[in-house]
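Asks: fold the stuff below for me.
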Amino acid sequence: PGQQCNGGQFDRDTDFHQPIWPNPSPYLPSKMGSGLGAGGCCAACNAPSRPLCTHFTYDNASSLCFFKTRDAGRVKAVGVTSGTVNALPPACYGDTCVFLDDGTDLTRAAQVAAGADVAIVVVGATSSEGLDRASLGLGHGQDELIASVAAAQPNTVVVVSAPGPFLTPWRDQVAAVVTNFMPGQQAGTAVADVLFGDVNPSGRLPVSLPVGENDQGFTPSQYPGINYQSNFTERLLFGYRWYDAHGVEPVFPFGHGLSYTSFSYGPVTSDAKVKKVKKKNKSISTTPPPALSYSSSPPSRSPSSLCGKRKKRGGASSSTLAATVSVTVTNSGPVQGAEVAQLYVAFPNLTKGEPLRVLKGFEKVLLDPGQTTALTFDLTEQDLAVWDPDLHNWARVFGEFTAFVGASSRDIRGKAMLNVTAPSSIC
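Replies: Residues are numbered from 1 along each chain as shown. So this is what the prediction gives:
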């Protein structure tokens, strides 16, 4: 309602592409009357009889007006004038209509949102090699747009495309947040599938979404560095590990993700694999060197080179199986969905420098409603080792580990103790 033409300020030239309409159709080329020109073509596109028309092309030579429903196939052409209507009309399918607003006018965007059942705000941020983001905010007035729409429409869904973590000052005002980070050319189709329930989302955050701009208190010496030198004084405490160590609650934790169904977890069980290995080097001692210290009595440790058969997994070396952790997962909701169960491990006696919990594995399973499956996580010797800078090698740690299984780094569903003892001989 109240749509206006561009007042003669047309975007750019375009070709004569238009969709194939059933005949007769109001969208077939129309000849403009004398003197109506491109302005009349714009008004004809904007007429109530053409609710799907959003773009037009006027051929000066023939006085023909061509109508389009989308900005597709636009190329330069000689002797034509083209443009769009200011406010795009709704695309209707039966009783359901989708209204589109470009968000440049906050008041207008809020009015469009207020008249709908649901508002979807699509925003994003970008970066590239040599062009880092200036902040974690979305910028360009996008936060203000979200806040304005959400104030007018409580059922607001925000879709964010971003290359990394981003701030969400409007999170308590909206009904849902969907992020696809850096998607491909089918992003629109994929997002629509999720929003309309054709696909049950099962992605999990590979980062923690922060409360503020610099939750972790990074200094210039850490990033971007001073005199071309960056000091990694945070050591192993970055991301979710930092939030855990400092007792800070992130806005959305590492590993978090929602679903249209729900999942329940059974008890977590563990099994340490004590395996004798052939002795190859009598000079290797299991006594920890003084360089590695612990917050309490040190666990038993072996500076072995993680003997046993090695294999490639995910591009990194792994070694002999040291333990397994098992759990059952049940789809307790009404629809099919995929859950991502995550295994976190705490080292014994809070081995100095090690995070409180470290992700050691995850399993994604697709389950029908009511279906239960058993998952087993394998822990290798290297998974239960720490890097010894003096030996310049991995050093086994023995003692009582804690295995946590959950739906995110903060949504822990169960745990089990894992007592790993040193083998009777060391290779």
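
Asks: I'd like the average pLDDT over stretch 68-87.
Replies: Stretch 68-87 comes out with an average pLDDT of 67.

Asks: the helix ranked longest in the chain: which residues count as buried?
Replies: The residue-count maximum for a helix in the chain (DSSP state H) belongs to helix 142-152. Neighbour counts using 16 or more other CB atoms under 10 Å place 142, 143, 145, 146, 147, 148, 149, 150, 152 of helix 142-152 among the buried residues. (Each C-beta comes from the backbone N, C-alpha and C, glycine too.)

Asks: repeat for stretch 252-266
Replies: Those would be 252-259, 261-263, 265-266, for stretch 252-266 by 16+ other CB under 10 Å.

Asks: these: which two are farthest apart?
Replies: Spanning the widest gap among the buried residues of stretch 252-266 are 252 and 266, at 25.9 Å by CB to CB.

Asks: now for the helix or strand containing residue 396, which elements pack on it?
Replies: Taking DSSP states H and E as the criterion, residue 396 maps to strand 393-397. Under the contact criterion of 3 or more CB pairs under 8 Å, 6 or more residues apart in numbering; DSSP states H and E, strand 393-397 touches strand 301-302, strand 385-388.

Asks: for that strand, C-alpha coordinates in PDB please.
Replies: Extracted C-alpha coordinates of strand 393-397, given in PDB (Å, rounded to 0.1, in the frame of the first residue of the first chain):
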ATOM      1  CA  ASN A 393      57.800 -34.300  22.900                       C
ATOM      2  CA  TRP A 394      54.400 -35.500  24.100                       C
ATOM      3  CA  ALA A 395      54.500 -36.700  27.700                       C
ATOM      4  CA  ARG A 396      51.900 -39.200  29.000                       C
ATOM      5  CA  VAL A 397      49.900 -38.300  32.000                       C
END
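
Asks: how far away from the center of its chain is it?
Replies: 34 Å (CA atoms, centre = their mean, to the nearest Å).

Asks: which strands border that strand, and is each parallel or antiparallel?
Replies: Strand pairing for strand 393-397, determined by DSSP bridges: strand 301-302 (antiparallel), strand 385-388 (antiparallel).

Asks: in terms of mean pLDDT, which of those ranks lowest?
Replies: The bottom spot among these, by mean pLDDT, belongs to strand 301-302, with a mean of 52.

Asks: residues in contact with the residue lying closest to residue 168 once chain neighbours are set aside?
Replies: Excluding the flanking residues, the one nearest residue 168 by CB to CB, 6 or more residues apart in numbering is residue 251, at 5.8 Å. By CB atoms under 8 Å, 6 or more residues apart in numbering, the contact set of residue 251 is 168, 171, 209, 210, 211.

Asks: again, but for residue 206
Replies: 181, 254.

Asks: part of a strand, is it?
Replies: No: read with DSSP: H, G, I helix; E, B strand; the rest coil, residue 206 is coil and lies in no strand.

Asks: return the distance of it relative to residue 64.
Replies: Distance, residue 206 to residue 64, using CB to CB, to the nearest Å: 52 Å.

Asks: for residue 230, same thing?
Replies: 63 Å.

Asks: which one of those two has more residues nearby?
Replies: residue 64 (17 against 12; other CB atoms under 10 Å).

Asks: okay, now residue 412: neighbour count?
Replies: With other CB under 10 Å as criterion, residue 412 counts 16.

Asks: what is the burial count for the closest residue to it other than its chain neighbours?
Replies: Spatially, and ignoring its direct neighbours in sequence, residue 412 is nearest to residue 406 (3.9 Å; CB to CB, 6+ apart). For residue 406, the tally of surrounding residues (other CB under 10 Å) stands at 21.

Asks: could you do residue 330 as well?
Replies: 17.

Asks: what is the helix or strand containing it packed up against?
Replies: Element membership for residue 330 (DSSP H and E) is strand 321-331. Strand 321-331 sits against strand 263-265, strand 269-272, strand 337-346, strand 358-367, strand 372-380, strand 399-406, strand 412-420, with contacts defined as 3+ CB pairs under 8 Å, 6+ apart.

Asks: where does pLDDT dip in the stretch 151-300 of the chain?
Replies: 273-300 (pLDDT under 70).

Asks: show me where it has strands.
Replies: Residue ranges of the strands in the stretch 151-300 of the chain, as given by DSSP state E, counting those that start in this stretch, are 156-161, 176-179, 263-265, 269-272.
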